[in-house]
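> give me a model of this one.
(4 chains)
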Protein chains: 2
Amino acid sequence: MTSTMGTRERRRSEVTAALLAAAKRELARTGAAGLSVRAVARDMDMAPSALFRYISGRDELLTLLIVDAYSRLGEHVEAVERAVPRSDLRGRWRAIATSFRGWAVANPHEYALLYGSPVPEYKAPAERTNPSGTRVTNLLAALGMEDATPPPRPSIPHMPDAAELRALAVAADVPTMDGDRLAAGLLAWTALVGAVSSELFEQLGEPVARLDTLFDATVALGEWLLFGSPRDESA
Amino acid sequence: MTSTMGTRERRRSEVTAALLAAAKRELARTGAAGLSVRAVARDMDMAPSALFRYISGRDELLTLLIVDAYSRLGEHVEAVERAVPRSDLRGRWRAIATSFRGWAVANPHEYALLYGSPVPEYKAPAERTNPSGTRVTNLLAALGMEDATPPPRPSIPHMPDAAELRALAVAADVPTMDGDRLAAGLLAWTALVGAVSSELFEQLGEPVARLDTLFDATVALGEWLLFGSPRDESA
DNA sequence: CAATATCGAGAACACTGTTCGCACATCAGT
DNA sequence: ACTGATGTGCGAACAGTGTTCTCGATATTG
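The predicted model follows:
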């Protein structure tokens, strides 16, 4: 219908874009908790009250930033993963993990917004964050689906038995995946998030230079969880 | 020298204690980012300006809360771990992990303050947080030291080799521990933090009931990283 | 052109952290 | 016991925040 936008419509989308850009700058500068509507307004040379024509309040500003950050993270990880040959499942996992970490260290405040402590008095609306928020975990799920070989089921003592893990699969939205594989994916994922968070939030003491090694170990652990030892495949 | 406290000294320690108690209540209610000096003052029936006789500002209030939270977490985990027979190393690990998670779910805001995204514009002074902040990881380190059997060195592909892991040990402040064991401990620790954070910050979707199972799997993984499979011991 | 919807700005309100000056209570020394 | 010094609480004030409301200007529509 509206093949050409009227000046009003055009200006509105322009201002909306500028608003989001300014908010992203502000987020990258001071972090989520320090994000100020007035500072964003100053950055845009607008009165603070004018911004309320475009956002309902600070909460929606946060929601916009969360969705945007999820999207950019997903875009980044997907692009890196796509460059790996589809048959190299282990390489694809490593690409996901390393690109995830790379984006996190390049965008620490955005990472904190997504995977750090939630902002109090604010609950992100799932219907808006879910589509972009699950992109990277979806990559992991796809990885598990494409792996034709039966999951290695490593012999780990006290590991919950297959029935419990299967129940885990039912509760999540991946009913077609067997429990062992889903558990392996979840373990690899939470371990990855824990390693990146511990590194970024500086909870491990001083050895900054060696964080690479620790991360490599995490990636190797995840790979082993997902695909087992190489000799298992030759067997 | 001052065997008895003068009324001034007494009152000061009383007010300090009440201040910390009120701040803890406020933290448990609204979280770290929503912590308000004025709200604490209201809770104590004092003028906001009066609090500045006891704290230098909001940052020191945060520091106090961080140290206190670390201490209580350490106390809790240490108490639970102490109840396990010293010879049951695996049981001690499980006690550490489960009590860590138990305290986290019971004190989510405190946990977020310690292991979530750091508060912007605020850097916790390491000389004050370190003593209490390393109590639980020290338990883990002690666990590794007491284990006489050589580390199992599980065959994980792409795991950094022994030399790199040893370098990791040198960089950290545990030079007497061999690299494999330290790497295993760090991996178990970051995986634990990742699992608890993912659960508490609700980044895993809906299956709330099954989070226990996922956590059990994380504990089992950590146990395997630290001590290997039981049959390895019989060999 | 007239009616209407949208927009930006400014003032205002209720908050926040923090500083300052002023009364008052307690202390140390003679 | 009196005095000077020190610690303590308070009210006012300043700069900053999120948000609401009104009001004039402007663009769209009939």
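> ok, A:T16 touching A:Y54?
Yes. In this structure, A:T16 is within contact of A:Y54 by Cβ atoms under 8 Å, at 5.6 Å. The C-beta positions use only the backbone N, C-alpha and C, and glycine is treated the same way.
> residues touching A:K24, list them.
If you count contacts by Cβ atoms under 8 Å, 6 or more residues apart in numbering or on different chains, A:K24 has them with A:65, A:68.
> so how far is A:Y70 from it?
A:K24 sits 13 Å away from A:Y70, going by Cβ to Cβ, to the nearest Å.
> and A:T134, by the same measure?
9 Å.
> I'd like to check the angle between the helix or strand harbouring A:T218 and helix B:211-227, please.
Per DSSP states H and E: A:T218 is located in helix A:211-227. Going by axes from the mean of the first three to the mean of the last three Cα atoms, to 10 degrees, helix A:211-227 is angled at 120 degrees with respect to helix B:211-227.
> quick check: the residue of chain A nearest DNA strand C.
A:S49 (2.7 Å; Cβ to the nearest atom of the strand).
> so how many other residues sit close to that residue?
Around A:S49 there are 10 other residues, counting by other Cβ atoms under 10 Å in any protein chain shown.
> and the host helix or strand of it, what's buried?
If you go by DSSP H and E, A:S49 is part of helix A:48-51. Within helix A:48-51, the residues that qualify as buried by neighbour count (16 or more other Cβ atoms under 10 Å in any protein chain shown) are A:L51.
> chain center to that helix, what's the gap?
Chain-centre distance of helix A:48-51: 31 Å, with Cα atoms, centre = their mean, to the nearest Å.
> report whether the very next helix or strand once past it contacts DNA strand C.
Note on helix A:48-51: by DSSP H and E, the next helix or strand toward the C-terminus is helix A:58-82. No. Judged by Cβ under 7 Å from any atom of the strand, helix A:58-82 and DNA strand C are separated, with a smallest distance of 12.6 Å.
> near DNA strand C, which residues of chain A show up?
Near DNA strand C, when you scan chain A using Cβ under 7 Å from any atom of the strand, you find A:8, A:11-12, A:15, A:45-50, A:53-54.
> quick one: buried ones out of those?
A:15, A:46, A:54.
> from DNA strand D, how far out is the second one?
This points to A:M46. Noted for A:M46: a distance of 11 Å to DNA strand D, by Cβ to the nearest atom of the strand, to the nearest Å.
> list the contacts of that residue.
No contacts exist for A:M46 under Cβ under 8 Å, 6+ apart.
> ok, the first one next?
With Cβ under 8 Å, 6+ apart as the criterion, the residues that contact A:V15 are A:44, A:54.
> just A:P85 next, same as before
Counted by Cβ under 8 Å, 6+ apart, A:P85 has contacts A:G91.
> next, find the distance separating it from B:P157.
18 Å.
> again with A:M5
Using Cβ to Cβ, which is the criterion applied here, A:M5 is 55 Å from B:P157.
> centre of the chain to the helix holding A:T218, how far?
18 Å.
> ditto for stretch A:22-42
The mean C-alpha position of stretch A:22-42 is separated from the chain mean by 21 Å, Cα atoms, centre = their mean.
> comparing A:T134 and A:Y70, which shows the higher neighbour count?
Neighbours were counted for A:T134 and for A:Y70 using other Cβ under 10 Å; A:Y70 has more, 23 against 16.
> shouldn't that one be in contact with A:A124?
No. With contact defined as Cβ under 8 Å, A:Y70 does not reach A:A124; the gap is 9.8 Å.
> tell me the one of the buried ones among the residues of chain A next to DNA strand C nearest A:A112?
A:Y54 (24.9 Å; Cβ to Cβ).
> can you pull the pLDDT of that closest one?
On the pLDDT scale, A:Y54 is placed at 97.
> and for the one 4 residues further on?
Here the pLDDT value assigned to A:R58 is 94.
> what's the answer for A:R86, then?
96.
> for it, helix, strand, or coil?
Three-state assignment for A:R86 (DSSP: H, G, I helix; E, B strand; the rest coil): coil.
> mind checking the SS state of the nearest residue to A:H76 once chain neighbours are set aside?
Nearest residue to A:H76 in three dimensions, chain neighbours excluded: A:W103, at 4.8 Å (Cβ to Cβ, 6 or more residues apart in numbering or on different chains). Three-state assignment for A:W103 (three-state DSSP): helix.
> what is the neighbour count of A:W103?
Neighbours of A:W103 (other Cβ under 10 Å): 22.
> contacts only, for it.
Here A:W103 is in contact with A:72-73, A:76-77, A:111 (Cβ under 8 Å, 6+ apart).
> distance of it from chain B?
16 Å (Cβ to the nearest Cβ, to the nearest Å).
> just the pLDDT for that residue.
At A:W103, the pLDDT recorded in the model is 98.
> returning to what we had before: pick out the lowest-pLDDT one from the residues of chain A next to DNA strand C.
A:R8 (84).
> how many neighbours does the residue of chain A found nearest chain B have?
Chain A approaches chain B most closely through A:G194 (2.0 Å), counting by Cβ to the nearest Cβ. When neighbours are counted by other Cβ under 10 Å, A:G194 registers 26.
> who's in contact with stretch A:129-147?
Residues contacting stretch A:129-147 (Cβ under 8 Å, 6+ apart): A:63, A:66-67, A:70-71, A:73-74, A:77-78, A:81, A:86, A:89, A:92-93, A:96, A:100, A:114, A:174, A:176-177, A:181-182, A:184-185, A:188-189, A:226-227.
> so where's chain A shaky on pLDDT?
A:1-4, A:150-154, A:171-175, A:206-209, A:230-235 (pLDDT under 70).
> show me where it has helices.
A:7-30, A:37-44, A:48-51, A:58-82, A:89-106, A:108-115, A:126-133, A:135-146, A:162-171, A:179-200, A:211-227, A:230-234 (DSSP state H).
> turn those helices into TSV, including distance to B:S198.
Formatted as TSV, the helices of chain A follow (distance: least, Cβ to Cβ, whole Å):
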stretch	distance to B:S198
helix A:7-30	22
helix A:37-44	30
helix A:48-51	34
helix A:58-82	16
helix A:89-106	14
helix A:108-115	8
helix A:126-133	13
helix A:135-146	11
helix A:162-171	14
helix A:179-200	5
helix A:211-227	14
helix A:230-234	28
